[in-house]
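Enquirer: I would like to see how this sequence folds:
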Amino acid sequence: MKKILLLIFVSFCASIIWAQNIPDTIQKVIPGRTNSPEQQQKPYLILISADGFRYDYAEKYQAQNLLALSKEGVRAESMIPSYPSLTFPNHYTLVTGLYPSHHGLVNNYFYDRNRKAFYSMKNEKTVTDGSWYGGTPLWVLAEQQQMLTASFYWVGSEAAINGILPTYYYSYNEAIPIDRRIQIVKEWLELPAERRPHLITFYFPEVDHEGHIYGPDAPETAQAVRWLDSSVQKLVDNVRATGLPVNFIFVSDHGMTKIDTEHSLGMPSAIDTNKFFIPSGAELVELYAKNKENVSDTYVKLLQEAKGYKVYLKENMAARLHYGSEDDTMDRIGDILLIPDWPNEFNFSSRKPRPGAHGYDPYLVKDMHATFFAWGPAFKNDFTIPSFQNVNVYPVVTTILGLKYTDKIDGTPAVAHEILK
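Expert: Below you'll find the model as predicted:
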């Protein structure tokens with residue numbers, strides 16, 4: 001009876017929070033899990049993501065702490081995001097080692113023909129539904145091998161993927177102050193060995209926010225970079241106080257570029273919006289035909305009309321982007337793709353676009369490149385490597401933590417072999 005009353009009370013509180021749009025700041029803990037004796041002997045790793053932290057921001061805005069930490073360990077000239085260079089596809093690529101076309105999060109917003117449903121990064125139902133997510137995220141891989149994990153936000157970490165969530169996690173919100181988030185990470189690492197997470201993901205949204213609102217060259221973006229720089233140092237200091245051998249990987253999902261806000265591209269007249277599903281998009285617009293018979297005619301008309309953008313069928317996308325029909329394992333890429341020429345973007349609303357954006361082809365627009373720094377006992381010292389694709393982060397983490405994976409991934413162990421001691 002007491003358990004039933006407790007469940008009713010928890011459900012009632014949750015409904016109040018949902019109805020009033022109150023941020024859910026309560027830590028979720030999956031009960032009954034422990035590290036195996038073997039996993040208790042393994043190293044520790046914190047995977048930090050700074051959303052929108054362009055490859056050159058640390059030098060551009062004198063992020064002295066990050067520069068010093070990378071000097072202690074490893075840095076890449078840049079890290080090349082997967083296409084499209086957007087937040088949800090690339091965060092999930094980092095933790096699965098798969099291109100977006102292979103893990104299924106092909107865009108921040110997309111249509112699934114088989115489900116006859118839309119995925120939206122702003123829809124709690126889709127974000128927390130594990131059936132949308134392919135691949136095996138790092139925390140799922142670890143938990144399957146009886147190694148505990150924790151997540152202070154990451155794309156996919158709120159969804160039971162393959163039926164598994166991190167042992168400790170939070171629903172995404174920006175209401176928890178940074179000092180409290182850092183304190184919670186320290187508390188996780190001070191738990192008894194059998195309950196202590198060995199893999200922690202930690203996410204910063206602030207630099208991306210300012211980059212979008214003000215542009216990559218604005219003083220507000222510089223200030224956000226420096227705030228993040230000091231916050232990372234606070235995190236490192238608190239973690240080092242535990243005395244544990246913790247490794248750090250600092251990454252971003254993509255870069256940021258300044259766009260032409262005065263000459264936005266409107267809806268092409270060749271598109272009959274009654275014939276296509278068109279999810280939200282600016283640097284990539286995808287058209288999903290309600291009837292395949294409408295694809296060819298619309299494509300030809302778009303080719304004739306196109307100015308300031310390129311038009312592709314998913315069958316003729318460049319192979320290097322891994323974003324065409326041959327790679328579309330879940331059939332989630334649009335039938336027709338409209339890709340604006342940098343620095344143009346599409347804008348189908350009446351609002352003026354923000355000056356900072358991302359999503360472009362990283363092989364054509366260097367501003368899309370992301371950051372990769374790493375330091376800790378597992379990494380070489382003062383070592384720089386050339387630019388590499390972000391699908392290769394997954395094997396770095398699995399090598400450090402001694403996790404075995406049997407699923408096919410797109411990354412290789414080459415970068416791990418180069419940067420690890």
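Enquirer: Geometric centre of this structure: which residue is closest?
Expert: The centre of the chain sits closest to His91, judged by C-alpha atoms, centre = their mean, with a distance of 1.6 Å.
Enquirer: name the element that one belongs to?
Expert: Secondary structure from DSSP states H and E places His91 in helix 87-96.
Enquirer: just to revisit the earlier point, is it true that the residue nearest to the centre of the chain touches Ser157?
Expert: No - at 9.5 Å, His91 and Ser157 do not qualify as touching, with contact defined as C-beta atoms under 8 Å. From N, CA and C alone the C-beta is placed, and that goes for glycine too.
Enquirer: Could you work out the end-to-end span of stretch 120-131 for me?
Expert: Stretch 120-131 has an end-to-end distance of 14 Å (C-alpha to C-alpha, to the nearest Å).
Enquirer: Other residues contacting that stretch?
Expert: The contact list for stretch 120-131, computed with C-beta atoms under 8 Å, 6 or more residues apart in numbering, reads 87-88, 108-109, 117-119, 132, 155, 158-163, 172, 279-280.
Enquirer: In that stretch, which of the residues would be classed as buried?
Expert: 120-121, 126-129 (16 or more other C-beta atoms under 10 Å).
Enquirer: Which ones among these map onto helices?
Expert: Per DSSP state H, helices hold the following members of the buried residues of stretch 120-131: 126-127.
Enquirer: show me where the stretch 1-150 of the chain has strands.
Expert: 28-29, 44-50, 74-76, 79-80, 109-112, 117-120, 149-152 (DSSP state E, counting those that start in this stretch).
Enquirer: need the longest helix for the protein.
Expert: helix 219-240.
Enquirer: Send me that one as PDB with only the CA atoms.
Expert: Extracted in PDB, the C-alpha atoms of helix 219-240 (Å, rounded to 0.1, in the frame of the first residue of the first chain):
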ATOM      1  CA  PRO A 219      32.500  39.900 -27.700                       C
ATOM      2  CA  GLU A 220      29.600  37.900 -26.200                       C
ATOM      3  CA  THR A 221      31.000  34.700 -27.800                       C
ATOM      4  CA  ALA A 222      34.500  35.500 -26.500                       C
ATOM      5  CA  GLN A 223      33.100  36.000 -23.000                       C
ATOM      6  CA  ALA A 224      31.300  32.600 -23.200                       C
ATOM      7  CA  VAL A 225      34.500  30.900 -24.300                       C
ATOM      8  CA  ARG A 226      36.400  32.400 -21.400                       C
ATOM      9  CA  TRP A 227      33.600  31.500 -18.900                       C
ATOM     10  CA  LEU A 228      33.600  27.900 -20.200                       C
ATOM     11  CA  ASP A 229      37.400  27.900 -19.900                       C
ATOM     12  CA  SER A 230      37.300  28.800 -16.200                       C
ATOM     13  CA  SER A 231      34.500  26.300 -15.700                       C
ATOM     14  CA  VAL A 232      36.500  23.400 -17.200                       C
ATOM     15  CA  GLN A 233      39.400  24.300 -14.900                       C
ATOM     16  CA  LYS A 234      37.000  24.200 -11.900                       C
ATOM     17  CA  LEU A 235      35.800  20.800 -13.000                       C
ATOM     18  CA  VAL A 236      39.400  19.600 -13.400                       C
ATOM     19  CA  ASP A 237      40.400  20.900 -10.000                       C
ATOM     20  CA  ASN A 238      37.500  19.300  -8.200                       C
ATOM     21  CA  VAL A 239      38.100  16.000  -9.900                       C
ATOM     22  CA  ARG A 240      41.800  16.000  -9.100                       C
END
